[in-house]
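Student: sequence below, structure please.
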Amino acid sequence: MKVSCGPNMVPVLIWTLAASLVLCSEVTLNTKSCKLRSESVSERSVLSRLELLTKQNFTVEVKEDKKIYTYFFQLCGDANGVKGAGVIQTESGKTTIIGRYNATETYGGSDWVMLIYGSGDGYDSHCSHEMRRAIVMISCDKKADVGKFKVVKEDRDRQQNCFYLFELDSSTLCPVEESHISTGTIIIIIGICLLAVYLIGGFLYQRLVVGAKGMEQFPNHAFWVEFGNLTADGCDFVCRSRPREEAPNYRGVATEPMDEEEQEERDDHLLPM
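Tutor: Got it, this is the predicted structure:
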């Protein structure tokens with residue numbers, strides 16, 4: 001039996017093969033990849049708040065006792081490519097798994113989430129050889145989409161429940177602030193907008209259509225001038241407590257020079273008797 005492919009089948013096969021490769025190579029990471037120690041709706045809800053932090057690999061270096069430790073953290077994913085590891089530590093080529101995301105616990109508040117990865121590699125000589133555990137405190141920071149990954153401390157001076165403590169800031173955990181605008185504020189905003197439309201529109205109309213110049217470009221200039229005068233008169237009438245007193249009339253001084261006889265007559269009363 002002979003099977004042949006026509007020329008039209010070649011592009012279809014190529015596109016099918018390419019799509020298959022893309023689908024096979026793409027790995028979808030989300031918080032559902034984390035396996036909770038005890039599945040619950042509340043813990044899963046807290047974990048879902050960190051959805052935007054998936055697909056990111058966080059790294060930090062710490063110098064201690066002339067050694068350089070590098071820590072890698074990934075939310076619900078393989079930290080630095082180590083299968084199943086959520087947090088790892090590397091030093092001089094040695095990799096230690098601090099916590100795995102298949103043993104996850106979550107606790108959260110209004111602006112923080114505490115993520116715990118358990119089932120890490122066991123201690124050699126500390127903490128009764130129990131498994132390592134990573135605690136990552138993720139807090140709200142409005143100034144940073146994703147802040148720096150920090151190592152706070154390693155608490156291993158106890159018999160049980162030892163842990164590594166890390167910090168990470170992110171704006172994704174900040175609660176949404178509701179804007180409360182009062183009725184009075186809304187009225188003021190509307191009034192300012194209407195006034196701006198009136199002034200700008202009236203100015204353009206007076207200048208471009210009427211052809212006014214100077215102060216005449218102000219919309220309804222004659223009305224506002226008269227309105228100002230009427231307002232001043234009304235204020236004067238209402239607020240004045242006493243009637244106006246007319247200024248006394250003074251006889252004006254003659255501007256023409258007086259005759260000598262007239263001047264002598266006016267000066268007679270000054271002579272001694």
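
Student: just the helices from the stretch 1-150 of the chain, written as ranges.
Tutor: Here the stretch 1-150 of the chain has its helices, by DSSP state H, counting those that start in this stretch, at 9-25, 41-48.

Student: in the last one, what counts as buried?
Tutor: Think helix 41-48. Across helix 41-48, burial judged by 16 or more other CB atoms under 10 Å covers 43, 46-47. In this view, the C-beta of every residue, glycine as well, is placed from N, C-alpha and C.

Student: at the geometric centre of the chain, which residue sits there?
Tutor: Against the mean C-alpha coordinate of the chain, by CA atoms, centre = their mean, the closest residue is Lys142 at 6.3 Å.

Student: next up, the contacts around it.
Tutor: Going by CB atoms under 8 Å, 6 or more residues apart in numbering, Lys142 touches 171, 174.

Student: from the middle of its chain, how far away would the lengthiest helix in the chain be?
Tutor: For the chain, the longest helix by residue count, based on DSSP state H, is helix 183-204. Centre-to-centre, helix 183-204 and its host chain are 28 Å apart (CA atoms, centre = their mean, to the nearest Å).

Student: show me the shaky parts of the stretch 1-150 of the chain.
Tutor: For the stretch 1-150 of the chain, the stretches with pLDDT under 70 are 1-29.

Student: what about the residue lying closest to Tyr205 once chain neighbours are set aside, how many residues nearby?
Tutor: Ranked by CB to CB, 6 or more residues apart in numbering and with sequence neighbours excluded, the top spatial neighbour of Tyr205 is Pro219, at 7.1 Å. Using other CB atoms under 10 Å as the criterion, Pro219 is surrounded by 16 other residues.

Student: then Thr106?
Tutor: So Thr106, with other CB under 10 Å, has 23 neighbours.

Student: just Ala85 next, same as before
Tutor: When neighbours are defined as other CB under 10 Å, Ala85 has 28 of them.

Student: just the CA coordinates of the longest helix of the chain, formatted as CSV?
Tutor: Only the C-alpha atoms of helix 183-204 are listed here, as CSV (Å, rounded to 0.1, in the frame of the first residue of the first chain):
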residue,chain,number,x,y,z
THR,A,183,-21.7,65.8,47.8
GLY,A,184,-20.4,69.3,48.4
THR,A,185,-17.1,68.5,46.7
ILE,A,186,-19.0,67.1,43.7
ILE,A,187,-21.0,70.3,43.5
ILE,A,188,-17.9,72.5,43.7
ILE,A,189,-16.2,70.5,41.0
ILE,A,190,-19.2,70.8,38.7
GLY,A,191,-19.5,74.6,39.4
ILE,A,192,-15.8,75.1,38.6
CYS,A,193,-16.2,73.2,35.3
LEU,A,194,-19.2,75.2,34.3
LEU,A,195,-17.5,78.5,35.2
ALA,A,196,-14.4,77.4,33.1
VAL,A,197,-16.6,76.5,30.1
TYR,A,198,-18.5,79.9,30.5
LEU,A,199,-15.3,82.0,30.6
ILE,A,200,-13.4,80.1,27.9
GLY,A,201,-16.4,79.8,25.6
GLY,A,202,-17.5,83.4,26.1
PHE,A,203,-14.0,84.7,25.6
LEU,A,204,-13.6,82.8,22.3
